[in-house]
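Colleague: Sequence first, predicted model second:
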Protein chains: 6
Amino acid sequence: MTFTRFIDLSGPGIERLDEDTVAVLPVGAIEQHGPHLPVATDYYMAEAVAEGAARAAGEACDITLLPGLAYTKSDEHAWSAGTLWLSARTLLAVLDDIGRALAVGPVRRLAFLNAHGGNSALLGVALRELRTRHGLRTFLLHASLPADQGGTSPASELGLGVHGGLNETAAMLHLHPDLVEMAQARRSVPEHLTEYEHIGFGKPVSFGWTSDDFGTGNGVIGDPTGATPELGRKLVDAAIATNAAALRECARFRPDRPTTS
Amino acid sequence: MTFTRFIDLSGPGIERLDEDTVAVLPVGAIEQHGPHLPVATDYYMAEAVAEGAARAAGEACDITLLPGLAYTKSDEHAWSAGTLWLSARTLLAVLDDIGRALAVGPVRRLAFLNAHGGNSALLGVALRELRTRHGLRTFLLHASLPADQGGTSPASELGLGVHGGLNETAAMLHLHPDLVEMAQARRSVPEHLTEYEHIGFGKPVSFGWTSDDFGTGNGVIGDPTGATPELGRKLVDAAIATNAAALRECARFRPDRPTTS
Amino acid sequence: MTFTRFIDLSGPGIERLDEDTVAVLPVGAIEQHGPHLPVATDYYMAEAVAEGAARAAGEACDITLLPGLAYTKSDEHAWSAGTLWLSARTLLAVLDDIGRALAVGPVRRLAFLNAHGGNSALLGVALRELRTRHGLRTFLLHASLPADQGGTSPASELGLGVHGGLNETAAMLHLHPDLVEMAQARRSVPEHLTEYEHIGFGKPVSFGWTSDDFGTGNGVIGDPTGATPELGRKLVDAAIATNAAALRECARFRPDRPTTS
Amino acid sequence: MTFTRFIDLSGPGIERLDEDTVAVLPVGAIEQHGPHLPVATDYYMAEAVAEGAARAAGEACDITLLPGLAYTKSDEHAWSAGTLWLSARTLLAVLDDIGRALAVGPVRRLAFLNAHGGNSALLGVALRELRTRHGLRTFLLHASLPADQGGTSPASELGLGVHGGLNETAAMLHLHPDLVEMAQARRSVPEHLTEYEHIGFGKPVSFGWTSDDFGTGNGVIGDPTGATPELGRKLVDAAIATNAAALRECARFRPDRPTTS
Amino acid sequence: MTFTRFIDLSGPGIERLDEDTVAVLPVGAIEQHGPHLPVATDYYMAEAVAEGAARAAGEACDITLLPGLAYTKSDEHAWSAGTLWLSARTLLAVLDDIGRALAVGPVRRLAFLNAHGGNSALLGVALRELRTRHGLRTFLLHASLPADQGGTSPASELGLGVHGGLNETAAMLHLHPDLVEMAQARRSVPEHLTEYEHIGFGKPVSFGWTSDDFGTGNGVIGDPTGATPELGRKLVDAAIATNAAALRECARFRPDRPTTS
Amino acid sequence: MTFTRFIDLSGPGIERLDEDTVAVLPVGAIEQHGPHLPVATDYYMAEAVAEGAARAAGEACDITLLPGLAYTKSDEHAWSAGTLWLSARTLLAVLDDIGRALAVGPVRRLAFLNAHGGNSALLGVALRELRTRHGLRTFLLHASLPADQGGTSPASELGLGVHGGLNETAAMLHLHPDLVEMAQARRSVPEHLTEYEHIGFGKPVSFGWTSDDFGTGNGVIGDPTGATPELGRKLVDAAIATNAAALRECARFRPDRPTTS
């Protein structure tokens, strides 16, 4: 039962991994997060949670950590300087190429650990393609679920804290406090979205939005003002624990029969 | 306030629609649904719910119904005869082309009304691309949510009824009873999936699966045996009512400011 | 000897089709047809002729009717609201994907029944690709040949009736009279094209044109003013009869040897 | 009124061409033509007819001859050594790139002079794309029409001489007698195709074929045995004369109004 | 005059960079490097040299360091487990997307700092594409030149040390000694390549090779046995110094006029 | 030991080539070369050197000459009328298609003989792809190396003669004197590039440039004024001799073992 960094192994060392080893691919993003957070917020979150969860899970099963993806799909922030993003087609090709190459060796389980809500849909597409094209068992884990994908958002955000809000800011205050400028943090909650019953973040009807669609001016959708490092630590620790448990399941997941058989 | 079929209008007739008209695109699928249901199950469901909801909504706002997509993304059923599917790249190109062309005229709101869970992720990608590339306000509505996307699945299915199970079979008994062979209906529930806490349909960790991954033999994932036309009618009527209300919101949705301003 | 709708069969039902079954794919279009006809003109024509011919042929051989393609290649009308079209690459990908998926099951014969002249060239490309890539026997049938592809055009149109003219208008008066606004019908024949000996519709040199190239103003190329439902019925019935006979040949076509051997 | 070779001009020389200059692109092929003809048969034919016609037309209008395409779309002969071909997507991209680049300069008229029937459909697609994407007036001329595209085929071939038959062999005996091995010429006519009324070369229903589909064994579809250089000269001279006249029309073609206005 | 990490800036922070800031993109690789080196060898080298050079240059001009690319083009090692690579098309798309997005903000200079010889050709293509498509001034720097691209290879390698040989091994002994297994290092020099005058690494005729083409068995092409950390330090320090000087030139490079004007 | 023109062989004739036959593909370009040279300069050079070298080598081994590529990658001259170019993706597809098709027959060695420096990087990518995808032994030869790729440039050009300068002009005075307008030849040397130590043609740091980046006005980068046919003859003859010797090596190149084993 071991944790390894995939890239620190030699070719023959990788041959010694096996079909129950779970390869973990952190999936971040580089995109504007308002004036108070660095553009790497999602990337740092993906790396921190992935490494923490992989190390913890590695005590009970075989986990190998891949280099994370920094450049992913952030078209909803394409209007802003600092957003470096791949088109859906490019990112799907990147994931497909990685899956194809990984399948040359013994590893057969690949878990995306995603920290950017804007990637979730495309990763959902890739989950299935890598399964059918390359025979990999694929999984999608979340460093934290945004409010529009089943996650929670505190009352001050009216459930609308999907970008640069309380939770993300708190996590960064814990992980990289030097990169957070709380003096620039402003509440930017598009409260009028609560007027709709069907359409909205986390509501039954999703919609195509960009982060400058809401009339809030600075690219933030949420309320970072109350963020603290203590909350951040709590959120990050919980994400690591949850994902470690999930990775342990990934290592033993068999869809075709009871695990006891 | 009118309902129109887009394709029954002339070119000049389409010029008279306006930017608040909602174009509704039914999104079905052609894929194996076990031995008791036709491969068109999702397509019929998409068409029925889309037309019902569009007509109902058309009493309160301007709705124009587009021809539905029969051939969509069903790679999880690619192993079976009768599954006619487009790759993710092809379907994304189809949706992009439709959006690009629609945007030549006055319509600026486009709602996908999807009846196949396997399309949801890709439609999520398209939502944003049509928004950023063609300036369309885009929406994703569901004819019925499968159990792995927030929908419900009855107790007999242990929450695992995602394909060819109770609800889909009931809906078809209501819509096209002549096409259902209840004598062929068998319960095929991969009960062992309940052993997992994190991974599974509707659980936090999604996974890449095909419908022949579960050792159930006939491509069904669910329990169709108790389906009745009464249940089907109830489900379809509810889907129509919900989606009609949602479409009315789509017609007045303004993300950038309160609707009263 | 049967006619079936492909999508009304179950997966196992499709397994019972065989290699001599002809799958018929209606290929329509959604594109401006002048102020007097609906944009679905070609789609309705494809569906009507395909279903009529498939049913008639199904008395003598096995025919299975696929859902028609509404969105096809109409770049020559891209300037007009209401034209919803796929690029050549997208449509080729759609056809390739359908062929690939169909070939998973037993069917080995696929007939495109096309009602839009603008699709003919691309369908010609697809004919060969589906033959070489997927081992399908492929055929291209025409609901009606436009004047620039070997069809006839009445004297009043000087052989130039390729879009929204006499024949198409008559067919629609027969099939969907409620959708035709004869009061809007105007003769729009680019008579100056007759000045050319080599270049032109149906002449040896074809040319790249769009329907707003001819200075006629309303997107029509032809003279719909004399159209009658009687002429339409005659044309549609003839198209059905001809295509039914052609489909029967498709079912027994063997390029490699005499049919009696 | 001049004939030029495009590639012999300098950049500034090309700037002095004008919008009525017709650029002529010979389109050949490299593909098996049976045991008696070189694989370049279509390429030589395209070059000879294009140059002859361009020079002749150049006495009456401005013509500039482009380097011919040797590698085109020959998937129907892909089974044979010596067939060097581009996929439909690649060739379409090549034509699109050439059109895009040509449109940077003053030339606005582009005529494909095609000698390979297998290219006709794709060139038909390109005609329109280069018109709509790059604003070029595009034309498709034929060095000789094959029997399945409106051309003639002599009695000995039963109208089936589409590849390596009488006409092509004769033309090569005239153009490059040293490259023809008449001792290897054999009649290979799939006579059983005449059993079909609807399907076949030059009949209303086209079909997807490869040149090894017909049970004739050597890749020839036709009867080269009676070919003579005299017939070849007659055919080539006629093709040059016809195409020269057509190119003169291309130089003055105006689809939007009478030429006298 | 500053060094920044691009991803540690906020969106507004990135707006404050300017057109003379040089963005540095480390380009590594993940590929087998024989039994004695980790698959990340090129990635570590790219990161170390890029950061060192960027910090040093940042004392004299504005440099912003981008996250490095770990997954690049390693098709010559595709046969081996542990090689995770992107196709040429995918990597070109990644680079194009990054360039497109970067150009939304103020930065106009982009330097690739490459440590994998197998990327050089593709980066050469990208240099020009990002220049012409996105208006960026682009540069290609090398962490170390392999022997087949103008670099040096010691006598023991006969000029053939292109992969996993003396220099790479030494550099890793300096940078990550814990990841090197010198006990596994073996000399694998395809000496027979010296028989050729024209073809070979660093000779006028380059050739398409994979790392299992040379009969040496373990994927190494070179002689790592004499590597020392001292040599590694010398090589890495020199690479940093040279690239720092080169980056300073990148910041002031003006191809259109003397720098003093 | 023979020289053949590939396209003058029949299909069966090509079957008689063998795995040691070297197919030679001349790779030219059509691009502005200043006011004094034709846009075909590189194409003529590629054809002349390829044919000369192939014929000479054909006395000692089996060489088959393919039709040259006239349309290649010239994006650095895309601003000028007369530059007809393919995108990197298109040209890569063309080369891949040719390699795929060639590999259907017996030939297993393919040598690109390139005369346009702007193609070198992409051909480098193709070298490897055709090796790994189609099992071809591939080689890249140069008709003449430009000054930025290891070639020489005379003193009057300060090492900067990369386009339309002394050597290219001299070669054309020898090959096609009628196409050279020496009266238009002007010295256009961007002398300020010598101010840079690291960046520049033939220097360690390459950069993304277009031929209108240098403030010289006419697209030339070099000094053609002293060109003579004598120098041209000397250059061309030397290129032929060198490439003939290189082709002989291509015919016997075995990377996996000594040639004597």
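Modeller: That came through, no problem.

Colleague: from here on, contacts and neighbour counts on C-alpha atoms
Modeller: Fine.

Colleague: Now do the contacts for the residue nearest to residue A:55 when sequence neighbours are not counted.
Modeller: Spatial nearest neighbour of residue A:55, chain neighbours left out: residue A:3 (5.8 Å); criterion: Cα to Cα, 6 or more residues apart in numbering or on different chains. Each residue near residue A:3 by Cα atoms under 8 Å, 6 or more residues apart in numbering or on different chains is listed here: A:54-55, A:57-59, A:62-65.

Colleague: Show me those residues that map onto helices.
Modeller: Cross-referencing those against helices under DSSP state H gives A:54-55, A:57.

Colleague: Out of those, grab the one that's most surrounded.
Modeller: In terms of neighbours by other Cα atoms under 10 Å in any protein chain shown, the ones in helices among the contacts of residue A:3 top out with residue A:54 at 30 neighbours.

Colleague: Pretty sure it sits against residue A:64.
Modeller: Yes - Residue A:54 lies in contact with residue A:64 (Cα atoms under 8 Å); the separation is 7.5 Å.

Colleague: which residues of chain A score low on pLDDT?
Modeller: Counting by pLDDT under 70, the low-confidence segments of chain A come to A:260-261.

Colleague: Which parts of it are helices?
Modeller: A:11-15, A:41-57, A:88-102, A:120-134, A:166-175, A:229-252.

Colleague: returning to that earlier point: which one among the ones in helices among the contacts of residue A:3 gets closest to chain C?
Modeller: residue A:54 (38.9 Å; Cα to the nearest Cα).

Colleague: From residue A:113, how far off is that closest one?
Modeller: Separation of residue A:54 from residue A:113 (Cα to Cα, to the nearest Å): 10 Å.

Colleague: Look up which residues are beta-bridged to residue A:109.
Modeller: Taking DSSP bridges as the rule, residue A:109 bridges to residue A:22, residue A:137.

Colleague: dump the residue contacts of it.
Modeller: Counted by Cα under 8 Å, 6+ apart, residue A:109 has contacts A:19-23, A:136-139, A:250-251.

Colleague: number of nearby residues for residue A:104?
Modeller: 18.

Colleague: ditto for residue A:184
Modeller: Neighbours of residue A:184 under the rule other Cα under 10 Å: 12.

Colleague: surely residue A:17 meets residue A:102?
Modeller: No - using Cα under 8 Å, residue A:17 is not in contact with residue A:102; the gap is 11.5 Å.

Colleague: Is it possible to get TSV of the helices of chain A that adds distance to residue D:178?
Modeller: Below are the helices of chain A laid out as TSV (distance: least, Cα to Cα, whole Å):
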stretch	distance to residue D:178
helix A:11-15	57
helix A:41-57	68
helix A:88-102	50
helix A:120-134	51
helix A:166-175	78
helix A:229-252	70
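
Colleague: Any idea which of those gets closest to residue C:41?
Modeller: Residue C:41 sits nearest to helix A:88-102 of all the helices of chain A, at 34.1 Å, using Cα to Cα.

Colleague: How far does that closest one sit from its chain's centre?
Modeller: 17 Å (Cα atoms, centre = their mean, to the nearest Å).
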